[in-house]
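In: quick one, what's the 3D model for this:
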Amino acid sequence: MSQVTITLPDGSQQAVASGIAVSAVAATISPRLADAALAAVVNDRLVDLSHPLTADARVRIVTEKSPEALHLYRHSTAHLMAAAVTALFPGTQCGIGPATEEGFFYDFIVSRPFVPEDLDAIENKMRELATANLPYERQMWPRNEARAFFAERGEPLKVQLIDEKTEGQTHVSCYTIKDKDTFIDFCVGPHVPSSGKLKGFKLLTTSNAYWKGDAKNAPMQRVYGTAFFSEKELKAHLTQIEEAKKRDHRKVGRETGLFMFHPWAPGAAFWLRKGTLLYNTLANYMREVLFPAGYDEVKTPLIYNKALWETSGHWQHYRQNMFLVESENEAMAVKAMNCPGHMLVFGSEVRSYRDLPIRYHEQTPLHRNEASGVLSGLTRVRQFSQDDAHCFVTEDQIALEVESLLKLVQRVYSDFGLAYTAKLSTRPEKEFLGEIASWDRAEASLKQALENAGQAYTINEGDGAFYGPKIDFDVTDALGRKWQCATIQLDYQMPERFDLKYIGADNAEHRPVVIHRAIYGSFERFIALLIEHFGGAFPMWLAPLQVRLLPIADRHLDYARATLKRLDEAGLRAEVDDRQEKIGYKIREAQLQKIPYMLVIGDREAAEGTVAVRTRAGGDQGAQSVEAFVSAALAEVRDRK
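Out: Numbering: from 1, shown residues only. Presented below is the predicted three-dimensional model:
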């Protein structure tokens with residue numbers, strides 16, 4: 001019998017029979033390891049425990065403690081859910097069921113929408129299947145046989161997936177739970193060895209969806225769930241979900257009067273008085289940061305002839321996401337991004353190498369034609385603005401400019417008290433502009449800048465923009481959730497397409513490089529993040545309304561208004577609650593509105609020239625002179641506490 005050599009993570013080697021399953025290798029190492037094993041990594045590829053070893057290989061057994069384990073566990077739980085759904089609802093068509101960062105989901109075509117009672121029944125069935133400890137088995141089917149099988153079962157979506165994903169293959173991978181009559185899915189896997197490994201799961205909600213996210217395709221029901229290795233972890237996550245519901249920016253924004261939506265303007269927020277104050281505070285803060293760093297603020301048109309978008313490449317690559325406009329038989333589009341307009345500004349006059357870097361910043365509205373089914377509060381909209389900028393540099397300025405941008409990101413997120421991580425996204429596999437050599441050069445420049453700045457990062461293979469690689473930043477909020485916000489994108493392609501030039505020191509023409517960058521990302525999404533991070537209780541410098549004066553009786557109104565004038569003169573955002581309500585009611589309402597400071601004014605305060613200070617969290621802080629309060633409040637704003 002022939003043998004192969006396996007190398008374990010500690011460097012030790014073993015000779016085993018060729019064709020032996022990975023599960024048997026785990027058993028030779030330790031019975032405890034064999035019992036804990038979920039899958040294995042063979043030569044950097046995640047595989048089932050049933051995977052045969054037919055050549056020398058590096059082998060690592062995957063357990064709950066392995067970095068790959070949770071994704072694998074959740075993917076297998078999605079299959080378990082699909083098995084339960086198809087058992088309870090005969091005739092269901094299965095779509096896709098991936099694991100996600102928060103859990104998993106599966107899309108189904110069913111005869112009616114799911115209701116909460118259905119989720120309870122599905123979850124109970126999942127527990128029944130898990131208790132039965134049914135095996136997950138990978139089966140390699142002849143491609144034509146698999147197509148015919150799923151077609152005969154009335155699952156055309158699976159046939160479509162096989163056609164799209166396995167062209168040229170003779171066999172395709174399918175997974176059963178117990179057997180094909182209990183559950184079978186077209187899937188490359190891998191999966192846990194049996195359903196008994198799946199214990200800590202919970203179904204959360206349902207939503208409407210479309211096949212492949214396209215509203216022109218079949219409507220589907222998406223069921224969301226989550227899964228963890230222990231009930232303790234699951235309980236902690238469910239507690240976090242409840243806290244997230246309390247902090248939901250749609251709920252908090254409505255309750256605190258920041259913004260509203262209307263069905264006649266889907267995907268576009270109406271910013272109310274306090275929301276507009278918050279929006280403008282963020283806009284002006286960004287200007288304060290950027291102007292000393294050498295940025296020029298510009299405003300470019302909202303609608304362009306399609307010739308601009310053809311030149312930029314967006315007409316070919318992005319047109320389906322743009323709002324198109326017909327004007328006197330002229331095809332035009334509402335701008336979805338600022339960069340092409342900034343190319344025209346740069347190209348409007350002769351530039352010298354002495355002028356570079358040139359940095360354009362813009363905050364005008366953008367529009368993207370998102371499908372109605374994916375619109376969600378401020379996080380997925382059709383109209384938004386970005387703290388957008390484009391830096392035109394020489395090639396030898398790239399590393400230094402990106403380093404300065406990394407420091408800018410650090411400063412801004414530090415002012416907001418936000419932790420973040422960075423990831424470098426590289427060239428897409430298929431849809432990209434330009435030569436591979438220029439992509440390699442661009443990626444090397446970004447890596448150099450990250451390393452020079454001492455910025456830790458991970459590689460996100462193939463997720464670059466179609467015109468260049470990028471650095472993306474994920475911000476972690478108070479609940480530990482990640483939000484993708486800032487981005488720094490290197491672009492050799494657009495200057496080429498717009499034939500941009502500058503005159504170098506050698507008096508010859510050269511091509512600039514463009515760095516696309518945003519720190520908030522979009523104002524709308526960033527505000528949603530801030531609302532949920534702070535639970536609507538913004539720090540003093542960000543709070544739309546910083547102070548509310550609460551006169552106890554009408555006779556205190558004159559003093560309250562005189563005090564308001566002093567606060568206004570100092571630059572504090574304040575108002576007087578002059579309603580004829582009891583003071584306890586006024587205090588409670590100000591707390592619900594999450595206003596940082598309440599200044600109560602009665603007979604004593606009016607006579608002594610003071611205010612009784614209350615905070616939204618700490619309650620009564622005692623009496624202070626107006627000047628003392630103003631001085632302390634301004635210091636809090638200045639220090640961005």
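In: low-confidence regions, the stretch 401-550 of the chain specifically.
Out: Within the stretch 401-550 of the chain, not a single segment meets pLDDT under 70.
In: quick one, helices of it?
Out: Using DSSP state H, counting those that start in this stretch, the helices found in the stretch 401-550 of the chain span residues 436-452, 493-497, 523-534.
In: and those: which comes nearest residue 252?
Out: Relative to residue 252, the nearest member of the helices of the stretch 401-550 of the chain by Cβ to Cβ is helix 523-534, separated by 5.2 Å. To be clear about C-beta, it is placed using only N, CA and C from the backbone, and glycine gets the same treatment.
In: that older thread, now the helices of the stretch 401-550 of the chain in JSON lines, with mean neighbour count and distance to residue 470?
Out: Converted to JSON lines, the helices of the stretch 401-550 of the chain look like this (neighbours: other Cβ atoms under 10 Å; distance: least, Cβ to Cβ, whole Å):
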{"stretch": "helix 436-452", "mean neighbour count": "17", "distance to residue 470": "8"}
{"stretch": "helix 493-497", "mean neighbour count": "20", "distance to residue 470": "13"}
{"stretch": "helix 523-534", "mean neighbour count": "23", "distance to residue 470": "17"}
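In: ok, now which ones touch the closest residue to residue 62 other than its chain neighbours?
Out: Spatial nearest neighbour of residue 62, chain neighbours left out: residue 39 (4.3 Å); criterion: Cβ to Cβ, 6 or more residues apart in numbering. For residue 39, the contact set (Cβ atoms under 8 Å, 6 or more residues apart in numbering) comprises 46, 47, 48, 49, 62, 68, 69, 72, 190, 191, 192.
In: can you rerun that using 10 Å?
Out: Counting by Cβ atoms under 10 Å, 6 or more residues apart in numbering, residue 39 makes contact with 22-23, 46-51, 60-63, 66, 68-69, 72-73, 76, 189-193.
In: just the ones of those in helices?
Out: Mapping the contacts of residue 39 onto helices (DSSP state H) picks out 22, 23, 69, 72, 73, 76.
In: quick check: next helix or strand after the host helix or strand of residue 128?
Out: Applying DSSP states H and E as the criterion places residue 128 in helix 116-131. For helix 116-131, the following helix or strand on the C-terminal side (DSSP H and E) is strand 136-142.
In: where does the residue sitting furthest away from the middle of the chain land on pLDDT?
Out: When distances to the mean C-alpha position of the chain are computed (Cα atoms, centre = their mean), the maximum falls on residue 607, with 53.7 Å. According to the prediction, residue 607 has pLDDT 94.
In: hmm, who's touching the helix holding residue 128?
Out: Against helix 116-131 from outside (Cβ under 10 Å, 6+ apart): 77, 80-89, 110, 112, 114-115, 177-178, 182-183, 194-199, 201-206, 221, 223-225.
In: circling back to that earlier point, can you tell me which of the ones in helices among the contacts of residue 39 is nearest residue 592?
Out: Checking the ones in helices among the contacts of residue 39 one by one against residue 592 (Cβ to Cβ), the nearest turns out to be residue 73, at 40.9 Å.
In: thinking again about what came up before, mind listing what's buried in the helix holding residue 128?
Out: 118, 119, 121, 122, 123, 125, 126, 127, 129, 130 (16 or more other Cβ atoms under 10 Å).
In: please, where are all the helices along the stretch 201-350 of the chain?
Out: Here the stretch 201-350 of the chain has its helices, by DSSP H, counting those that start in this stretch, at 231-247, 249-255, 273-290, 306-312, 314-317, 339-346.
In: what is the orientation angle of the longest one with helix 523-534?
Out: In this case it means helix 273-290. Taking axes from the mean of the first three to the mean of the last three Cα atoms, to 10 degrees, one finds helix 273-290 and helix 523-534 inclined to each other by 100 degrees.
In: same question for helix 273-290, mean pLDDT?
Out: On average, helix 273-290 scores 96.
In: check the offset of it from the chain's centre.
Out: Mean-position distance between helix 273-290 and its chain equals 22 Å (Cα atoms, centre = their mean, to the nearest Å).
In: got the CA positions of that helix in CSV?
Out: Output of helix 273-290 as CSV, limited to C-alpha atoms (Å, rounded to 0.1, in the frame of the first residue of the first chain):
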residue,chain,number,x,y,z
ARG,A,273,-33.6,71.4,11.9
LYS,A,274,-31.5,69.4,14.4
GLY,A,275,-30.4,66.9,11.7
THR,A,276,-29.2,69.8,9.5
LEU,A,277,-27.3,71.3,12.4
LEU,A,278,-25.5,67.9,12.9
TYR,A,279,-24.9,67.6,9.1
ASN,A,280,-23.4,71.0,8.9
THR,A,281,-21.3,70.5,12.1
LEU,A,282,-19.7,67.4,10.4
ALA,A,283,-19.2,69.3,7.1
ASN,A,284,-17.6,72.3,8.8
TYR,A,285,-15.4,70.1,11.0
MET,A,286,-14.1,68.4,7.9
ARG,A,287,-13.3,71.8,6.3
GLU,A,288,-11.4,72.8,9.5
VAL,A,289,-9.3,69.6,9.1
LEU,A,290,-8.7,69.9,5.4
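In: for residue 324, report the pLDDT, please.
Out: 93.
In: how many neighbouring residues does the nearest residue to it once chain neighbours are set aside have?
Out: Residue nearest to residue 324 in three dimensions, not counting chain neighbours: residue 333, with 5.3 Å by Cβ to Cβ, 6+ apart. For residue 333, the count of nearby residues is 21 (other Cβ atoms under 10 Å).
In: got it, and the one 3 residues further on?
Out: Neighbourhood size, residue 336 [other Cβ under 10 Å]: 19.
In: what's near enough to touch it?
Out: By Cβ under 10 Å, 6+ apart, the residues touching residue 336 are 309, 314, 318, 319, 321, 322, 323, 366, 367, 368, 369, 382.
In: change it to 6 Å
Out: Counting by Cβ atoms under 6 Å, 6 or more residues apart in numbering, residue 336 touches 322, 366, 368.
In: quick revisit: isn't the residue nearest to residue 324 up against residue 321?
Out: No - with contacts counted by Cβ atoms under 6 Å, residue 333 stays clear of residue 321, the gap being 10.1 Å.
In: list the contacts of the residue lying closest to residue 522 once chain neighbours are set aside.
Out: Excluding its sequence neighbours, the residue lying closest to residue 522 (Cβ to Cβ, 6+ apart) is residue 384, at 4.2 Å. By Cβ under 6 Å, 6+ apart, the residues touching residue 384 are 366, 522, 524.
In: can we see that at 7 Å?
Out: By Cβ atoms under 7 Å, 6 or more residues apart in numbering, the residues touching residue 384 are 366, 522, 523, 524.
In: what helix or strand is it located in?
Out: Per DSSP H and E, residue 384 falls inside strand 383-393.
In: how far does that strand sit from the chain's center?
Out: Taking Cα atoms, centre = their mean, the mean C-alpha location of strand 383-393 is offset from the chain mean by 18 Å.
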